[in-house]
Structures are given as C-alpha cells and as structure tokens.
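Undergrad: Here you go, sequence then predicted model.
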Amino acid sequence: MYSPQRQVIISRAAEDLARRLSSTCPQCQNPNFVAKQVTKGLPCELCNMPTEQMKSTTSVCDSCGFSHIETNKKRVADATYCQFCNP
C-alpha cells in the first residue's frame, strides 16, 4: 500500500491544515483566517489595462465574519501578462 503520489498529497493536506489552524482571526482569535477570495485586475505597466494578475486577496473569518483585504505588493503587472500589450 505504498503510494508515493498519495503520500505527497497527504503531506500537502497536512501542511495546509497546520497553516489554517495557525492563522487566527485578529478579532475573535478563531482559526482558519485565510485568503478565501482573490481579486484579479492588477493594471498593466504599459497600458494600465487590467490583467489576470492578482490585485488583492480577502481573508474572511468563518466565525465572526471579520474580513481583511491585502493588496498585492506589486502596483503594476509586467506587460507580458497583459492581453492587450501581449495578445
């Protein structure tokens, strides 16, 4: 019953569970305060049109509903990811 692929998946699931349990809500301290929504639309560095690159993530608490939006540290996306500049 030794399956290397299955062991890798189980290992990743365990790491994800540990991350979720250690990420607590700043308001109520309950676990699983992780990014649940990704907003795309980081503007292109050349034409300023929205791209498919991540603009921000929203973490939401399952218990109290507190949410926190974290913007991407990059302010613009590389033109290679732009559908207009690089179709």
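TA: On my side now, so go ahead. Residues are numbered from 1 along each chain as shown.
Undergrad: Poorly predicted segments of the protein, please.
TA: 1 (pLDDT under 70).
Undergrad: All the strands of it, residue numbers only.
TA: 35-40, 54-60, 67-71 (DSSP state E).
Undergrad: Name the strands paired with the shortest one and say parallel or antiparallel.
TA: Spelled out, it's strand 67-71. Paired strands of strand 67-71, with direction, are strand 54-60 (antiparallel) (DSSP bridges).
Undergrad: For the strand it pairs with, give me every contacting residue.
TA: Strand 54-60 has contacts (C-beta atoms under 8 Å, 6 or more residues apart in numbering) with 23, 33-42, 66-72. Placement of C-beta: from N, CA and C, glycine included.
Undergrad: Going through these, which ones are buried?
TA: By neighbour count, with 16 or more other C-beta atoms under 10 Å, those hold 33, 42 as buried.
Undergrad: can you give me the end-to-end distance of stretch 39-57?
TA: 6 Å (C-alpha to C-alpha, to the nearest Å).
Undergrad: Counting neighbours, show which residues of it come out buried.
TA: For stretch 39-57, using 16+ other C-beta under 10 Å, the buried residues are 42-45, 50-51, 53-55, 57.
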